[in-house]
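*Asks:* sequence? don't have it. structure:
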């Protein structure tokens, strides 16, 4: 199994109150600068997205990111030069192999401490064994900010704002979110007008151990926005399902994000006993971009565009597929 799909599967399993003050009418330029600095400090988060207290340094010049979704957001915010280390998957996904890398599940905190980073972004996946591997760093005063995997789009926006607030990139962040919202509204408008909704299943892992998304997940929300019906919407979270259950529910479209078999679409089309499944009979089986549909950040909009065009090519004809000229894996 390729590491990046394994990561996507495990990751799937698992606004700040702004304080403003009014400056006095008579204030020197130095006083104004001091006031602005204080207001900025007051605006910054004092808890992470898991609710843990954090104390951000006055200035963040060096960052370690231990989650691909956070790494991609930091790159979007123009923080590449501030990254001093990343998890191994981030290095592989985003061409950051020149940086020191750490195992997300078993990070070498002693080596991390040597890097003396101002801020470390983590995800709850690193604590999936029940222990916090970053506790030694927290104990010596390193600012470690945890961001659990988002279950919906609104949470993704809040996570993005949190990261931006931590690194003083609010202006860039709001521009990115405005563009995201514009594209989301466009997809939502088209999706709301679709009457004959197609029934869809998203394969995160393939047969015989099929894994898919149910309700309460951002994948469910992505399908809903573009006007599709998830055949496993009656299931909660990310679930393992049998081949028999998929066959019985007879999806119109099968989307796969599997990239650990040579030909994932061909594998589905060639499954014994699936010949009469509508999606297979009509060859409506498609490979979607794994990162765009699994990493909970603003890039899910690209995954939604791609899925929309695969499911409803006519309705979304005016929408550009961001991966049309590239590899969908």
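*Replies:* That came through fine. All values derive from a computational prediction rather than experimental measurement.

*Asks:* now the residue nearest in space to the middle of the chain. Its backbone dihedrals?
*Replies:* Taking CA atoms, centre = their mean, the centroid of the chain lies closest to residue 296, which sits 1.6 Å from it. Dihedral pair for residue 296: phi -80, psi 80, per degrees, to the nearest 10.

*Asks:* isn't it up against residue 70?
*Replies:* No - look at residue 296 against residue 70 with CB atoms under 8 Å: they stay out of range, at 9.7 Å. Yep, even glycine has a C-beta here, placed from its N, CA and C like the rest.

*Asks:* does residue 231 touch residue 249 like I think?
*Replies:* Yes - contact between residue 231 and residue 249 holds when scored by CB under 8 Å: they sit 4.4 Å apart.

*Asks:* higher neighbour count, those two?
*Replies:* When residue 231 is set against residue 249 and neighbours are counted by other CB atoms under 10 Å, the residue ahead is residue 231, at 24 against 14.

*Asks:* quick one on the thing from earlier: what sits in contact with each of residue 231 and residue 249?
*Replies:* Here residue 231 and residue 249 share the contacting residues 199, 201, scored by CB atoms under 8 Å, 6 or more residues apart in numbering.

*Asks:* contacting residues around the residue nearest to the centre of the chain?
*Replies:* By CB under 8 Å, 6+ apart, residue 296 lies in contact with 11, 69, 149-150, 155-156, 159, 218.

*Asks:* give me the nearest residue to it, chain neighbours excluded.
*Replies:* Closest residue to residue 296 in three dimensions, ignoring its sequence neighbours and counting by CB to CB, 6 or more residues apart in numbering: residue 150, at 4.0 Å.

*Asks:* one more: residue 97?
*Replies:* Distances taken as CB to CB, 6+ apart place residue 91 nearest to residue 97, at 5.0 Å, with adjacent residues excluded.

*Asks:* ok, now residue 279?
*Replies:* The spatially closest residue to residue 279, leaving aside those adjacent along the chain, is residue 254, at 4.4 Å (CB to CB, 6+ apart).

*Asks:* what about that neighbour, how many neighbours?
*Replies:* Residue 254, neighbours per other CB under 10 Å, totals 23.

*Asks:* which element is residue 55 on?
*Replies:* Assigned by DSSP states H and E, residue 55 belongs to neither a helix nor a strand.

*Asks:* distance of the closest residue in space to it that isn't next to it in sequence relative to residue 113?
*Replies:* For residue 55, ignoring the flanking residues on the chain, the nearest one in space by CB to CB, 6+ apart is residue 143 at 6.1 Å. Residue 143 sits at a distance of 13 Å from residue 113 (criterion: CB to CB, to the nearest Å).
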